[in-house]
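Participant: 3D model of this:
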Amino acid sequence: MGIIYNTSMKPGKDELVSAWLVKQAFFTSKREPNLQHVGGFRLEDPAGKVGIEFRFYADNADLSDVVYHVPLTYREAPLKGAQQYLIGTSEHGILGTRYIYDALGDPVFTAQVAALAAGTAVAQHRYESFTEEPRVQRRGELAGKKLEVVRKPVVGGQEPEGIIGFWENALGQELRGLVLRTA
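Facilitator: Numbering: from 1, shown residues only. Sure, this is the predicted structure:
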């Protein structure tokens with residue numbers, strides 16, 4: 001899954017996430033979202049079957065500074081028992097039908113987050129194939145600890161243990177904050 005294809009998806013990930021996001025308890029806007037993909041990274045599935053992507057979205061529907069963290073997994077077939085996590089299906093221009101899930105319900109995601117915490121998996125660039133993403137960093141002693149997704153990450157501060165990710169603000173400046181924290 002290290003190959004990132006230069007192709008289209010119909011419907012696109014942003015469209016699917018936008019429709020899904022308004023149904024989530026952590027969504028706080030009173031308006032229809034106007035999402036902008038502002039950052040992210042990937043993890044590799046050692047078996048090469050499941051795509052794992054961490055996506056950060058700014059919601060431009062209002063004047064808030066809210067950033068939403070939506071980790072996704074992509075599969076070529078439905079994940080048994082995970083219907084409640086299905087965000088939707090999309091036609092990938094090269095790979096065909098992809099089943100796109102909120103990654104929290106995917107065991108491959110859970111295993112790779114544990115590997116990232118232990119230092120045995122490395123964050124990958126969101127747009128470049130086979131390229132590590134050094135801006136994603138571990139903070140603290142994470143091996144053996146369960147990590148949970150920070151759905152609305154905030155910039156900086158004295159974060160507890162976890163994984164530090166990055167995204168851009170409206171001016172294109174890189175911002176950093178905790179995106180996975182110890183549970």
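
Participant: got the residue ranges for the helices in this protein?
Facilitator: According to DSSP state H, the chain carries its helices in the segments 13-21, 107-118.

Participant: nearest to Ile164, of the ones you listed?
Facilitator: helix 107-118 (11.7 Å; Cβ to Cβ). All C-beta spots, glycine's among them, are computed from the backbone N, C-alpha and C.

Participant: which among the helices of the chain is found nearest to Ala143?
Facilitator: Ala143 lies closest, by Cβ to Cβ, to one member of these: helix 107-118, at 4.4 Å.

Participant: buried ones in that closest one?
Facilitator: Within helix 107-118, the residues scored as buried using 16 or more other Cβ atoms under 10 Å are 108-109, 111-117.

Participant: residues contacting that helix, please?
Facilitator: Contacts with helix 107-118, where a contact means Cβ atoms under 8 Å, 6 or more residues apart in numbering, come from 43-45, 47, 49-50, 52, 71, 73, 103, 121-123, 138, 142-147, 163, 180.

Participant: buried subset of those residues as a PyMOL selection?
Facilitator: To isolate the buried subset of the contacts of helix 107-118 in PyMOL, counting by 16+ other Cβ under 10 Å, use the following:
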select buried, resi 43+44+45+50+52+71+73+103+121+123+138+142+147+163+180
